[in-house]
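In: one predicted model, sequence on top.
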Amino acid sequence: MCSRGGYFIERFNVAHTDEQQSTIDSVNESNAVFRSVVANVQADQWDLPTVNDDWTVRGVVNHIIGGSTWTANIASGAGSDWPEGD
């Protein structure tokens, strides 16, 4: 999962422009906030519906992780196939 505090960004040991570094910092910050929110989901809340009745809490979290994985795969050159299970 690339939501581990800049996981996919840290794999690349290259210099970044200020604009790129700002984007990296923003991604890392949003990943930290996401982890904090997910850490507070209780066991009995994972299968609750969200504002979109077609999605559970688990489904939304899996979708966000899938999108992050997809982005990391593209950035690393590993391909652009959407991760299975979403």
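Out: That came in fine, so what should we check first? Numbering: from 1, shown residues only.
In: going by C-alpha atoms from here, please, whenever you check contacts or count neighbours.
Out: Fine.
In: separation between the spatially most central residue of the chain and L48?
Out: By C-alpha atoms, centre = their mean, the chain has its centre lying nearest to S68, at 3.6 Å. Relative to L48, S68 is positioned 23 Å away (C-alpha to C-alpha, to the nearest Å).
In: and what of N62?
Out: 14 Å.
In: and for S26?
Out: According to C-alpha to C-alpha, S26 stands 29 Å off from L48.
In: rewinding a little: can you verify the residue nearest to the centre of the chain is assigned to a strand?
Out: No: counting by DSSP: H, G, I helix; E, B strand; the rest coil, S68 falls outside a strand, being helix.
In: remind me, longest helix of the protein?
Out: helix 18-39 (DSSP state H).
In: what average pLDDT does whatever helix or strand I65 lives in get?
Out: Using DSSP states H and E, I65 maps to helix 57-76. Summarised as a single mean, pLDDT over helix 57-76 is 86.
In: what sits against the closest residue in space to R58 that isn't next to it in sequence?
Out: Nearest residue to R58, sequence neighbours excluded (C-alpha to C-alpha, 6 or more residues apart in numbering): W46, at 5.0 Å. W46 sits next to T56, V57, R58 when contact means C-alpha atoms under 8 Å, 6 or more residues apart in numbering.
In: and W46, its phi and psi?
Out: With angles defined as degrees, to the nearest 10, W46 sits at phi -60, psi -30.
In: how close does it sit to S36?
Out: Applying C-alpha to C-alpha to W46 and S36 gives a distance of 15 Å.
In: likewise for H16?
Out: For H16, the distance to S36 equals 27 Å [C-alpha to C-alpha].
In: follow-up on the earlier one: so the longest helix of the chain versus helix 57-76, what angle?
Out: For helix 18-39 against helix 57-76, the angle by axes from the mean of the first three to the mean of the last three C-alpha atoms, to 10 degrees is 160 degrees.
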